[in-house]
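Participant: pasting the sequence and the predicted model now:
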Amino acid sequence: MKKRLGTLFLAITLAAGAIYFTSSPVRAAVNTTYDQLKLLIGVMELIQENYVEEKDSRKLLTGAVSGMVKTLDPFSQFMEPEIYKEMKTETEGQFGGLGIRISVKENWLTVITPLPGTPAYKIGILPDDKIIKIEGKTTEGISIEDAVKKLRGNPGTKVSITIVRDGAKEPQEFTITREIIKIETIKSKMLTSDIGYIRLSEFNASSDKDLDKALGELQSKGMKSLVFDLRNNPGGLLDTAVNVCKEFVGDNKLIVYTQGRRAESRRDYTAHGKAPYATLPMIILVNRGSASGSEIVAGAMQDLKRSLIIGTTTFGKGSVQSVFPLSEGNALRLTTAKYYTPAGRSIHRNEETGNGGIIPDIMIDVPREIEAKLYAQSEDVYAPGKEPAPPANKKEKERVEDVALERAIELLKARSVLITIKE
């Protein structure tokens, strides 16, 4: 018994050291929690000695670590090798699954946004949909990693989900066929002879370069102003979001800063001296599905009076997750800081007060059923270098007006946006 207890304590200490290896003060704090660790060790010993079936101590340990991380927030996550590998693949722009970004909200699995062109998007999944069942089993209290395991699978296989939607009387069930999700983050077109339109669906490793290319192509077609659509963009890489801002903001201005628990942890992200499109009149569109990187861009442009923001209040996901590789292919994604706009506004939503997100300069609230139809219509937008595709068998009378987009066009045509953002 003593030998096994010592082995378990060593394993837990090594795991704790791997998680907190970044600074000696934290290691010291771990050492002072010996009494608390004894509780964990004691429980593991009791399970190994008395549980009805034999259990692997390593699985018990990873389960304990996962449970510990779950007490922090919905965005921190202990990732076993398979999940960690999927996360790295995802940031590179391709992964398998349904094509939705998910979070845990009020203890329920919640859709941040579906990605354009993906199975979830095509079947009509919407931001803020609560996924209450996966394959008939409740998701109440489910972790992100467990949800990912259940939702992702081999291309061509199916998964059923049950969702609850605001305004709907009954839960809805969807059966979705999994696909390899290849994210094409930029789509663009000319709205008029001189107003360009770019929709950015995610901030992945190549999005900033793709944006620069799209801007150049639109400029060659006569673009004099821009509608930049960040609706349903769930975010992605921080550096990419900052680089996107650098296209439009110069003079070494502050774009965003992150602040952790300690005062010295603040980190500023600033623009370059010059920006290629610093004087391009533009309007940014956002909605409840705009999160993280989208909120960084919208918040910076709003504070710097560089762009008018139109739409609905954004999601409010303004926390920084740092990834710490661990032994045996595991990793820890840990919330280490929060995002703040140049004016010092916290982007992250306070669950108690409901405050957070970016509040548009012009609020245009779109009913959920209209929003769903707008998603389908948005597929008519085409990728840079490609010809526009005809509407996908949609009759003109079935199309709905994109009020936010039309308002943006009106303002850009009148050039009143230049006056409005400077007031």
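Facilitator: Cool, got the structure.

Participant: centroid-nearest residue for the protein?
Facilitator: For the chain, the residue nearest the mean C-alpha position is residue 234 (3.6 Å; C-alpha atoms, centre = their mean).

Participant: find the residue closest to it in space, skipping its chain neighbours.
Facilitator: Excluding the flanking residues, the one nearest residue 234 by C-beta to C-beta, 6 or more residues apart in numbering is residue 101, at 3.8 Å. (C-beta placed from N, C-alpha, C; glycine too.)

Participant: partner residues bridging the one you found?
Facilitator: residue 113 (DSSP bridges).

Participant: from what I can see it touches residue 112, true?
Facilitator: Yes. Between residue 101 and residue 112 there is a contact under C-beta atoms under 8 Å: 4.1 Å.

Participant: now the strands for the stretch 201-350 of the chain?
Facilitator: Secondary structure of the stretch 201-350 of the chain by DSSP state E, counting those that start in this stretch: the strands cover 225-229, 254-259, 267-270, 282-286, 308-311, 319-325, 331-340.

Participant: ok, the residue nearest to the centre of the chain - contacts?
Facilitator: 101, 112-113, 115, 202, 289-292, 294, 315, 317 (C-beta atoms under 8 Å, 6 or more residues apart in numbering).

Participant: same check, this time on residue 348
Facilitator: Applying C-beta under 8 Å, 6+ apart, the residues contacting residue 348 are 316-319, 338-339, 356.

Participant: let's have those residues in CSV, adding distance to residue 107, pLDDT and neighbour count.
Facilitator: Output for these, formatted as CSV (distance: C-beta to C-beta, whole Å; pLDDT from 0 to 100; neighbours: other C-beta atoms under 10 Å):
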residue, distance to residue 107, pLDDT, neighbour count
316, 17, 93, 22
317, 17, 91, 24
318, 21, 89, 27
319, 18, 89, 20
338, 22, 93, 16
339, 24, 94, 25
356, 18, 88, 20
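
Participant: reformat those into TSV and put distance to residue 36 next to each item.
Facilitator: What follows is the contacts of residue 348, written out as TSV (distance: C-beta to C-beta, whole Å):
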residue	distance to residue 36
316	33
317	31
318	31
319	26
338	27
339	32
356	32
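
Participant: closest one to residue 34 out of those residues, please.
Facilitator: residue 319 (30.5 Å; C-beta to C-beta).

Participant: what about the one helix or strand residue 39 maps to, average pLDDT?
Facilitator: Using DSSP states H and E, residue 39 sits within helix 34-50. The average pLDDT within helix 34-50 is 87.

Participant: can you list the buried residues in that helix?
Facilitator: Neighbour-count burial for helix 34-50 flags 37, 40-41, 44, 48 (criterion: 16 or more other C-beta atoms under 10 Å).

Participant: what helices and strands are in contact with that helix?
Facilitator: helix 2-19, helix 57-70 (3 or more C-beta pairs under 8 Å, 6 or more residues apart in numbering; DSSP states H and E).

Participant: tell me the angle that helix makes with helix 57-70.
Facilitator: 140 degrees (axes from the mean of the first three to the mean of the last three C-alpha atoms, to 10 degrees).

Participant: show me how far helix 34-50 is from its chain's centre.
Facilitator: 37 Å (C-alpha atoms, centre = their mean, to the nearest Å).

Participant: what's the closest non-adjacent residue to residue 194?
Facilitator: residue 224 (4.0 Å).

Participant: shaky segments in the stretch 101-250 of the chain?
Facilitator: 183 (pLDDT under 70).

Participant: quick one, helices of it?
Facilitator: 119-123, 144-151, 207-220, 238-246 (DSSP state H, counting those that start in this stretch).

Participant: pretty sure residue 99 sits against residue 123.
Facilitator: No. Counting by C-beta under 8 Å, residue 99 does not reach residue 123; the two are 9.7 Å apart.

Participant: which residue of these two possesses the greater neighbour count?
Facilitator: The neighbour comparison of residue 99 against residue 123 (other C-beta atoms under 10 Å) goes to residue 99, with 25 against 15.

Participant: pLDDT score assigned to the more buried one?
Facilitator: 87.
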